[in-house]
Every structure is written in structure tokens, then in C-alpha cells.
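In: Structure for this input, please:
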Amino acid sequence: MKTPSLPIASLPIPSIPSFPSFLSLPILSLPISALPIPSLPMPSLAMPSLAMPSVSAALLRATALELAVLAGHALLYPTGIAGERRPEEAPAARVACDLPAGEGADRPPVVFLHGFIDNRSVFVLLRRSLARHGWRHLESLNHSPLTSDIRTAAELLDRHIEEICARTGHHRVDIVGHSLGGLIARYYVQRLGGDHRVRTLVTLGTPHAGTAVAPLAGALPIVRQMRSGSGPIEELRLPAPGCRTRFVSFWSELDRVIVPPEAACVEHPDLDAVNVRVTGIGHLALPVHPAVAAAVRQALDVAEPAHGSTGPTGSASVA
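Out: Residues are numbered from 1 along each chain as shown. The predicted model follows:
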């Protein structure tokens, strides 16, 4: 349908008696060019148009990597359902025996603790990386998906750590926890006195301050405990004077499980903590990415902090 072209002055203007006479709109009789148009500064659109594609590309790459990791992990998942066997000499230790004598012998055992609805298979690549660089005592623990309370899981972890120390002859261990696993380990360290056993706790994408994304939160109590404001999360905010464990927390701005992403940082005035920002990867890629594995090795290879020493929360980054 063709729209007729009419001059502005010829358009009929209805008379509205209830309006005051000064709203008779005489300005419509003026040509358009005569209308006063205020001069406003035009917003600059250059920066958003350049930044948005970069952010979208990074998110797209991270999402593609997450899907690839998920597919690979689905294939490995059945291999980690059964608990790890506990021989005198674990397979990882036999790999490390090819190294020069004495190398890595003084390093404490490293205990891996997986996240929600997962198992020890998530740490296959990270564990292999540590073994190739001299770590002799590597232990992967499975916590039951039916566990309903972080506190209960932390008590079970306590018993596992005592057994590992008795078997290996070491008085202290390091722990690497992914997601929920890191939260269980921190509760053990901070609330159950585990700091006398744990030298360094490394967490990967752990909701230290809780997360707004909690699938099946209405059905599973342990998932509700990962929400901000839950009982265990609030207990971890309580004072922890003299805590002897060093915390290294890896977090990613593209983590879509921890919302907001900064909730994966350890922020506590009594804890010796370093928060490491990882760029370009998501939640599932944290335990398998080579750059993260190198940074974890570096975090575990530091000298043991002095008893009772604490410091302000630091920061670092992994590109």
C-alpha cells in the first residue's frame, strides 16, 4: 500500500476541549527545517563494536573447549567409578621411579578430590603431569554422589588423610580439589583442624563464596550447601586464626558454573591465600588444561610456610 505524501501543515489536528489552549500545537505549521533541534553529542560506538566480537569469540572458544572436555570425560568416566586400589607402590609412583634417585621423595602426597557427580577420572591428565615431574605419592579419592552434607564428606576426608599419612610415612599432604571437592577440603582444613595435615590446598573452580548456579538444588541438600548463604559457606567465613594451610585458588571469568566467577576466590583475613585468574577456559577445562597443570605444579612446589604465618590474599594469572 502506497503512503500518500502530505505537507505537515495540511494534517488535520483534532480539537481536544479538555486540554488548555496553549497546547494547540501551532509549531506543526512550521516547516521541518524550522523546528528547533537541540544539539546533542553523539555517543561513541567505536569501542563496543570492537570489544564485543573479542568477548564473543573468547566465549565461543571456551564453550567449544568445554564441550570437547565433556565428551572426552564421558569416555573416561567409567574408568573412575571404582575406588582407587591402594598397593604398596601406586602406578604413578612407578612412573616417577624412572627419575633420578631422591628426586621428589621429600614431596608430600597429593590427594585429588573431584566435584559434584564426578569421579577420580577427571584428574587423569593432571595426575599424569605431576607424576612425570617427580611426584611419587598421588592419591585420588571418590566421595559418594549420595553424600548429603559437606560436613560429613569432610569427616570422611579426615579419615582418608590419616590413612594416607600412616601408609606413606608423611606427616602432611597437599590437596587438589575441583569444584565441590575443593569446598569439602577447605571445610576439613578450616573447620575440622585439617590444617595440621594439609600443607597446600589447591582449588579449581570451587564456590568458596557460594554460587547462584546450583542445578538440582531443590532435590539434593549438598547442592543447596554450595549456594551463597548456606550453613557451610557461612561457617567458612568465621575466624580461622593460626591456620597453617596455604590456599591457592584458580578461577576463570568464563566459568559458567560459578556465578559470579569471583566467588571462586578465597577471601578471608586469616588465611594465606593466592587467587589465580585463568583466562579463556571454563569450569570443566580447569583440571585438564596444560597451563593450569603447570601452574598447579608450581603452586605445590613451594616451600612449606612457617607455622602460624598468614598473609594478605594475593593474586596471579594464567593466560
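In: Going by C-alpha atoms from here, please, whenever you check contacts or count neighbours.
Out: Noted.
In: Kindly provide the distance from G194 to H160.
Out: 12 Å (Cα to Cα, to the nearest Å).
In: the more surrounded of the two?
Out: Counted by other Cα atoms under 10 Å, G194 and H160 do not tie: G194 has more neighbours, with 24 against 15.
In: Check which helix or strand the closest residue to that one other than its chain neighbours maps to.
Out: Excluding the flanking residues, the one nearest G194 by Cα to Cα, 6 or more residues apart in numbering is Y188, at 5.3 Å. In this structure, Y188 sits in helix 180-191 according to DSSP states H and E.
In: What average pLDDT does the next helix or strand after that helix get?
Out: Sequence-wise, the next helix or strand downstream of helix 180-191 (DSSP H and E) is strand 198-204. Averaging pLDDT along strand 198-204 gives 98.
In: Taking helix 180-191 as reference, get the angle to strand 198-204.
Out: 150 degrees (axes from the mean of the first three to the mean of the last three Cα atoms, to 10 degrees).
In: Partner strands of whichever helix or strand F112 is part of and their direction?
Out: Assigned by DSSP H and E, F112 falls within strand 110-113. Under the criterion DSSP bridges, strand 110-113 sits next to strand 138-141 (parallel), strand 173-178 (parallel) in its sheet.
In: quick one: average pLDDT of the last one?
Out: Throughout strand 173-178, pLDDT has a mean value of 98.
In: on that earlier part again, could you redo the strands paired with strand 110-113 as TSV and give each row distance to N275 and mean neighbour count?
Out: Output for these, formatted as TSV (distance: least, Cα to Cα, whole Å; neighbours: other Cα atoms under 10 Å):
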stretch	distance to N275	mean neighbour count
strand 138-141	24	20
strand 173-178	14	25
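In: Using JSON lines, lay out those strands together with distance to G229.
Out: Compiled in JSON lines, these are given as follows (distance: least, Cα to Cα, whole Å):
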{"stretch": "strand 138-141", "distance to G229": "28"}
{"stretch": "strand 173-178", "distance to G229": "21"}
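In: which one of those strands lies closest to R227?
Out: Among the strands paired with strand 110-113, the nearest to R227 by Cα to Cα is strand 173-178 (16.3 Å).
In: As CSV, could you dump the C-alpha coordinates of the closest one?
Out: Output in CSV follows, covering the C-alpha atoms of strand 173-178 (Å, rounded to 0.1, in the frame of the first residue of the first chain):
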residue,chain,number,x,y,z
VAL,A,173,49.7,-33.8,52.4
ASP,A,174,48.7,-31.5,49.6
ILE,A,175,45.2,-31.5,48.3
VAL,A,176,43.9,-30.5,44.8
GLY,A,177,40.1,-30.2,44.7
HIS,A,178,37.9,-29.4,41.8
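In: now H289: how far from L238?
Out: Relative to L238, and taking Cα to Cα, H289 is found at 33 Å.
In: Please enumerate the strands of the stretch 201-319 of the chain.
Out: All strands of the stretch 201-319 of the chain, identified by DSSP state E, counting those that start in this stretch, fall at 246-252, 272-278, 314-318.
In: Would you convert these into TSV that also reports mean pLDDT and mean neighbour count?
Out: Converted to TSV, these look like this (pLDDT from 0 to 100; neighbours: other Cα atoms under 10 Å):
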stretch	mean pLDDT	mean neighbour count
strand 246-252	98	26
strand 272-278	97	22
strand 314-318	64	13
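In: could these go into TSV alongside distance to V266?
Out: Formatted as TSV, those follow (distance: least, Cα to Cα, whole Å):
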stretch	distance to V266
strand 246-252	7
strand 272-278	6
strand 314-318	10
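In: Contacts only, for L157.
Out: 185, 188 (Cα atoms under 8 Å, 6 or more residues apart in numbering).
In: Try it again at 10 Å.
Out: For L157, the contacting residues are 111, 113, 141-143, 151, 163, 184-185, 188, 194, by Cα atoms under 10 Å, 6 or more residues apart in numbering.
In: Can I get the buried ones among the residues you listed as something I can paste into PyMOL?
Out: Burial among the contacts of L157 is assessed by 16 or more other Cα atoms under 10 Å; the matching PyMOL selection reads:
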select buried, resi 111+113+141+142+143+151+184+185+188+194
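In: Out of the contacts of L157, the closest to S230 would be?
Out: Using Cα to Cα, these come closest to S230 at R151, 12.2 Å.
In: ok, back up a step: out of the strands of the stretch 201-319 of the chain, which comes closest to R120?
Out: strand 246-252 (18.9 Å).
In: Can you give the strand pairings for that closest one, parallel or anti for each?
Out: According to DSSP bridges, strand 246-252 forms sheet pairs with strand 198-204 (parallel), strand 272-278 (parallel).
In: What are the buried residues along the first one?
Out: For strand 198-204, burial by neighbour count (16+ other Cα under 10 Å) applies to 198-204.
In: Rebuild the residues you listed as CSV, extending it with distance to G83.
Out: Output for those, formatted as CSV (distance: Cα to Cα, whole Å):
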residue, distance to G83
V198, 22
R199, 24
T200, 24
L201, 22
V202, 22
T203, 21
L204, 22
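In: mind exporting stretch 281-300 as CSV, just the C-alpha atoms?
Out: This file holds the C-alpha atoms of stretch 281-300, laid out as CSV (Å, rounded to 0.1, in the frame of the first residue of the first chain):
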residue,chain,number,x,y,z
ILE,A,281,38.7,-21.5,29.6
GLY,A,282,35.6,-22.7,31.5
HIS,A,283,34.7,-24.8,34.5
LEU,A,284,35.3,-28.3,33.1
ALA,A,285,38.6,-27.4,31.5
LEU,A,286,40.3,-26.3,34.7
PRO,A,287,41.5,-29.8,35.7
VAL,A,288,42.8,-30.7,32.2
HIS,A,289,44.3,-27.6,30.7
PRO,A,290,48.1,-27.8,30.3
ALA,A,291,48.6,-24.2,31.5
VAL,A,292,46.7,-24.9,34.7
ALA,A,293,48.6,-28.1,35.3
ALA,A,294,51.9,-26.2,35.0
ALA,A,295,50.6,-23.6,37.5
VAL,A,296,49.4,-26.3,39.9
ARG,A,297,52.8,-27.9,39.8
GLN,A,298,54.4,-24.5,40.6
ALA,A,299,51.9,-24.0,43.5
LEU,A,300,52.7,-27.4,45.0
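In: Fine by me, thanks again.
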